[in-house]
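In: Need coordinates for the following:
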Amino acid sequence: MAQINKGQEGEDIVNEIAYRSFLNTFCFPNPLDISKDYKEICDLLILFHDICIIISVKNYSFEGNYDRYFRKTTEKSIKQILGAERRLFRDSPHVLIKHPDRNEIIFDKSIYKKVYRIIININQEIKFFQTSIQKDNKEFTVFDYQGWKDAIEILDTIPDFIQFLEKRAQLFVKNPVIIFPREENDFGQNDKDFASIIIKEIAQSSPVHMLLGTEKDLIAEYIIHGYEFPSRLKILNTNCLLLKLDGRWDSLHKSGGLYILKMSRQESYIIDNMVKEMVINKSGGEFLSEMLYKMDRSERQSLAQMCKSSA
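Out: Numbering: from 1, shown residues only. Predicted structure coming up:
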């Protein structure tokens, strides 16, 4: 039996989610610098307008050793992303990359004004992890597999997704954040011991925020308050912020809030379908597609209603 490459398997899973989403046209899985040495730049690169998203994917086995796991995932991913950023923005005058369905393009570093750095850990056995990291004055957002999938599926336009990343970073005020996405009864003594050790280690150099709940719960809190995080979450009586958001997503679902939101924006998907079926593959279609994709979900709803009323 052929040995499974866990790293490649993890990248394929992440890339498939991106490729089936609104990111399809703008994502470059395993991009190679074909103008220089044909080396892989990163696991996934997303380029849209003036936005560059660099993604590192890790799929290591957990085996109960948190210290080893974080060294082999988070620390290694940070180095990979910083290396990719250097190659794209500093080392090479021209980086030539290829999209699976389009012609090769030259990466013009002067275009991209904002860089987002995302780490995705596939392993679902991990009970907690640091989800917001500062390194060299740069922000890194860490998702587990489910968090990445939920964020892409719920915040399903580039403006909506990027705005969430920005508001998320503002909420955490550039402090490290430990997220506990599993239920309390899932934590064994080993998990509790390592959590205590890691929090104390991080707290030696910076205040530590803690998020009790999943990424989906955090997104629900964001949606409930009009795509903002409420001011009560941002008031720090101490240097640490404790967010108890367990079950927030389930509450939003049971209240009917998700259904109301979905129905209020149903017509907006006409714009998405129009781009996919009538615009993007036509001559000159990429420019118009980008203009339409710059609209968030609410703006697309307004445009769709205008088109409907004028028909």
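In: where along the stretch 51-200 of the chain do the strands fall?
Out: 51-58, 95-97, 105-107, 114-121, 129-135, 138-144, 177-180 (DSSP state E, counting those that start in this stretch).
In: will you turn those into TSV that also has mean pLDDT and distance to Met274?
Out: In short, each C-beta sits where N, CA and C put it, glycine included. What follows is the strands of the stretch 51-200 of the chain, written out as TSV (pLDDT from 0 to 100; distance: least, Cβ to Cβ, whole Å):
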stretch	mean pLDDT	distance to Met274
strand 51-58	94	22
strand 95-97	79	28
strand 105-107	83	24
strand 114-121	95	27
strand 129-135	92	36
strand 138-144	95	30
strand 177-180	94	37
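In: Check those for me and report the most buried one.
Out: Highest mean neighbour count among the strands of the stretch 51-200 of the chain (mean count of other Cβ atoms under 10 Å): strand 51-58, with a mean of 24.
In: and that strand, which strands flank it?
Out: strand 44-48 (antiparallel), strand 114-121 (parallel) (DSSP bridges).
In: Let me know which of those strands is the nearest to Lys192.
Out: strand 114-121 (20.1 Å; Cβ to Cβ).
In: among the strands of the stretch 51-200 of the chain, which is nearest Gly64?
Out: Nearest of the strands of the stretch 51-200 of the chain to Gly64, taken as Cβ to Cβ: strand 129-135 at 14.1 Å.
In: that older thread, looking at the strands of the stretch 51-200 of the chain, spot the one closest to Lys308.
Out: Of all the strands of the stretch 51-200 of the chain, strand 51-58 sits nearest to Lys308, with 30.0 Å by Cβ to Cβ.
In: Other residues contacting that closest one?
Out: In this structure, residues lying in contact with strand 51-58 by Cβ atoms under 8 Å, 6 or more residues apart in numbering are 7, 10-11, 14, 42-47, 72-74, 76-78, 80-81, 84-85, 88, 112-123, 158, 162.
In: Report the buried members of the residues you listed.
Out: Buried by 16 or more other Cβ atoms under 10 Å: 10-11, 14, 42-47, 73-74, 77-78, 80-81, 84-85, 88, 112, 115-123, 158, 162, out of these.
In: Could you measure from Gly226 over to Lys113?
Out: Per Cβ to Cβ, to the nearest Å, Gly226 is found 27 Å from Lys113.
In: can you check Phe164 too?
Out: Distance, Phe164 to Lys113, using Cβ to Cβ: 19 Å.
In: show me where the stretch 151-300 of the chain has helices.
Out: 158-172, 189-203, 215-224, 231-234, 248-254, 257-264, 269-274, 285-293, 297-310 (DSSP state H, counting those that start in this stretch).
In: Next, format those as a markdown table and append mean pLDDT and distance to Ala151.
Out: A markdown table is the format used below for the helices of the stretch 151-300 of the chain (pLDDT from 0 to 100; distance: least, Cβ to Cβ, whole Å):
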| stretch | mean pLDDT | distance to Ala151 |
| --- | --- | --- |
| helix 158-172 | 93 | 7 |
| helix 189-203 | 90 | 24 |
| helix 215-224 | 95 | 6 |
| helix 231-234 | 71 | 18 |
| helix 248-254 | 92 | 12 |
| helix 257-264 | 85 | 15 |
| helix 269-274 | 85 | 18 |
| helix 285-293 | 78 | 17 |
| helix 297-310 | 87 | 14 |
